[in-house]
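# any chance you could fold what I've pasted below:
(chains A, B, C and D)
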Protein chains: 2
Amino acid sequence: MPPLTRAKIVAAAIDLIEREGADAISMRRIAADLGVGVMSLYNHVPNKATLLDAVAETVLSQISFTDDPEAEWTERVRIQARAFRQIAHHYPRSTMVVVSRQLKSPAGLFPVERALATLREAGFGGEDAVQILRTFIAYIIGSLLREVGVTPTFAPVHRSDVHLPDVDATLFPEVGTLAPLLGVCDHEEAFEYGLDLLIRAIDVQLRDSRSSKGESARG
Amino acid sequence: MPPLTRAKIVAAAIDLIEREGADAISMRRIAADLGVGVMSLYNHVPNKATLLDAVAETVLSQISFTDDPEAEWTERVRIQARAFRQIAHHYPRSTMVVVSRQLKSPAGLFPVERALATLREAGFGGEDAVQILRTFIAYIIGSLLREVGVTPTFAPVHRSDVHLPDVDATLFPEVGTLAPLLGVCDHEEAFEYGLDLLIRAIDVQLRDSRSSKGESARG
DNA sequence: CCAGGGGGACGTACACCGTACGTACAAGGG
DNA sequence: CCCTTGTACGTACGGTGTACGTCCCCCTGG
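Take a look at the predicted model:
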């Protein structure tokens, strides 16, 4: 019999989540999928919670960051942000477990280091860099949840053509008018829209801070 | 014996969630808190899932939107966004269940209608209004999750002074340098930072679109 | 006033969950 | 050789959601 491994268990867990959803996951199911006794899992994993932590870490560590030091800094943060969105594509059902548990392993620190470095190199102060990073993280997480379909988008993510039209047009005139737009959502387009908004915002903020510095230096 | 009510059950559920966390919730606990048999609950609620839906709807419907039609539109969207952040304050533990299930009741449509109306009045086109709304929702949801402490903030939300300092300063120079900033997080400040960023961004976008329209009209 | 019926409260029962505990067996060191 | 160590495993306990059957109270028709 091939030996059981923590990695195999985590892989089976991810596989199960992607096949049947995060709710369907249980130690018994994982063991059954591996053709193994339930309690054998506990020789490699202390409990279910840390197994899910491992799932989150594994998924997160598989996102690929390609950084081009030659590129404009705005483009670099854009690329880094997009990298996170990959999660929702490669592991849609697992995204929720990634998001729903704060992990403490250094796996999550690499992206942070990279993002902060990019922002500092662009010229942002430490405080701004941290706040901007938090803003982007919040936006990305929220977008991930929308894409996975778990978030109250207020515009149902799927097959909404049945639900939207039946709203009272006198109570909700805007919703009624914009129903065709609310009913469909190209996640890529939506993500890029907000991402571009944020990037342009910090771009002008950087220019403003530079020019005000220049003024005070001149004054 | 006072009659059991759906509203009482929902209230007890919210109370339990806030006292002991979303994981601790179970039909048996709720029944016990109400001094009632477990199965009595099912006379008023079809199952646990729809009970949690009702919890989400109740919490969401309690956020108070105060809209001042006299105010600048930028201030109005700011206030509407802040209203959502109230959830994390009034019902911190329940926020996760609100976020984690997309609700279909009209309770969630009122804020959407209000937001879209504000944006349309400001001068945005329908498509932009919808995309902007989605961007703000994503940001707000992400911020909510950070505030509740469930999100991988990459900067642990609580008592991080133990964890942050022990990162390898040569591997993570930026994280090491900015550790004091990453270690603490004033959620209000962080939320306002990103919110201001987004609002300024859509403000300049609106001006740009207006001036380009003016140009094309002139040209 | 009484009979009947309907609805709510309840207890039991089942399938499933996470996991603590005790056992059996294979591999390596004295 | 024995003995230790580590892994696989079965059993068992307390928990979960909920389907089902029973009981009782109250409300209505006669």
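
# residues contacting residue A:95?
A:59, A:87-88, A:144-145, A:147-148 (C-beta atoms under 8 Å, 6 or more residues apart in numbering or on different chains). Where C-beta positions appear, they are placed from N, C-alpha and C, glycine not excepted.

# need the residues of chain A near DNA strand D, please.
For chain A, the residues in contact with DNA strand D (C-beta under 7 Å from any atom of the strand) are A:1, A:3-4, A:36-40, A:42-44.

# from the residues you listed, list the buried ones, please.
A:4, A:36, A:44 (16 or more other C-beta atoms under 10 Å in any protein chain shown).

# about what we covered before: list just the nearest of the contacts of residue A:95 to residue B:72.
For the contacts of residue A:95, the closest approach to residue B:72 (C-beta to C-beta) belongs to residue A:145, at 30.4 Å.

# the helix or strand hosting that closest one near chain B anywhere?
Assigned by DSSP states H and E, residue A:145 belongs to helix A:126-148. Yes - Helix A:126-148 reaches chain B (C-beta under 8 Å from any C-beta of the partner chain) through A:126-127, A:129-135, A:137-143, A:145-146.

# flag the shaky bits of chain A, pLDDT-wise.
A:1-2, A:104, A:149-166, A:213-219 (pLDDT under 70).

# hmm, try it at 90
A:1-5, A:20-24, A:35, A:37, A:57, A:60-70, A:86-89, A:95-112, A:145-185, A:206-219 (pLDDT under 90).

# report the residue ranges of every domain in it.
A:6-45, A:65-151+A:186-218 (automatic domain parsing).

# alpha carbons only: can I get the helix holding residue A:145 in PDB?
What follows is helix A:126-148, C-alpha atoms only, in PDB (Å, rounded to 0.1, in the frame of the first residue of the first chain):
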ATOM      1  CA  GLY A 126       5.300  53.400   4.600                       C
ATOM      2  CA  GLU A 127       2.000  54.400   6.000                       C
ATOM      3  CA  ASP A 128       0.400  54.900   2.600                       C
ATOM      4  CA  ALA A 129       1.900  51.700   1.300                       C
ATOM      5  CA  VAL A 130       0.200  49.700   4.100                       C
ATOM      6  CA  GLN A 131      -3.100  51.500   3.800                       C
ATOM      7  CA  ILE A 132      -3.100  51.100   0.000                       C
ATOM      8  CA  LEU A 133      -2.200  47.400   0.400                       C
ATOM      9  CA  ARG A 134      -5.100  46.900   2.800                       C
ATOM     10  CA  THR A 135      -7.500  48.700   0.400                       C
ATOM     11  CA  PHE A 136      -6.400  46.500  -2.500                       C
ATOM     12  CA  ILE A 137      -6.700  43.400  -0.400                       C
ATOM     13  CA  ALA A 138     -10.200  44.300   0.600                       C
ATOM     14  CA  TYR A 139     -11.200  45.000  -3.000                       C
ATOM     15  CA  ILE A 140      -9.700  41.700  -4.200                       C
ATOM     16  CA  ILE A 141     -11.300  39.600  -1.500                       C
ATOM     17  CA  GLY A 142     -14.600  41.200  -2.100                       C
ATOM     18  CA  SER A 143     -14.300  40.600  -5.900                       C
ATOM     19  CA  LEU A 144     -13.200  37.000  -5.300                       C
ATOM     20  CA  LEU A 145     -16.300  36.400  -3.200                       C
ATOM     21  CA  ARG A 146     -18.500  37.900  -5.900                       C
ATOM     22  CA  GLU A 147     -16.900  35.800  -8.500                       C
ATOM     23  CA  VAL A 148     -17.400  32.700  -6.500                       C
END
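
# how about the helices in chain A?
A:6-20, A:27-34, A:48-61, A:73-90, A:95-100, A:109-122, A:126-148, A:173-177, A:179-183, A:187-218 (DSSP state H).

# want to throw the ones you listed into a markdown table with distance to residue B:72?
Shown next, in a markdown table, are the helices of chain A (distance: least, C-beta to C-beta, whole Å):
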| stretch | distance to residue B:72 |
| --- | --- |
| helix A:6-20 | 46 |
| helix A:27-34 | 55 |
| helix A:48-61 | 41 |
| helix A:73-90 | 28 |
| helix A:95-100 | 34 |
| helix A:109-122 | 30 |
| helix A:126-148 | 22 |
| helix A:173-177 | 19 |
| helix A:179-183 | 25 |
| helix A:187-218 | 18 |
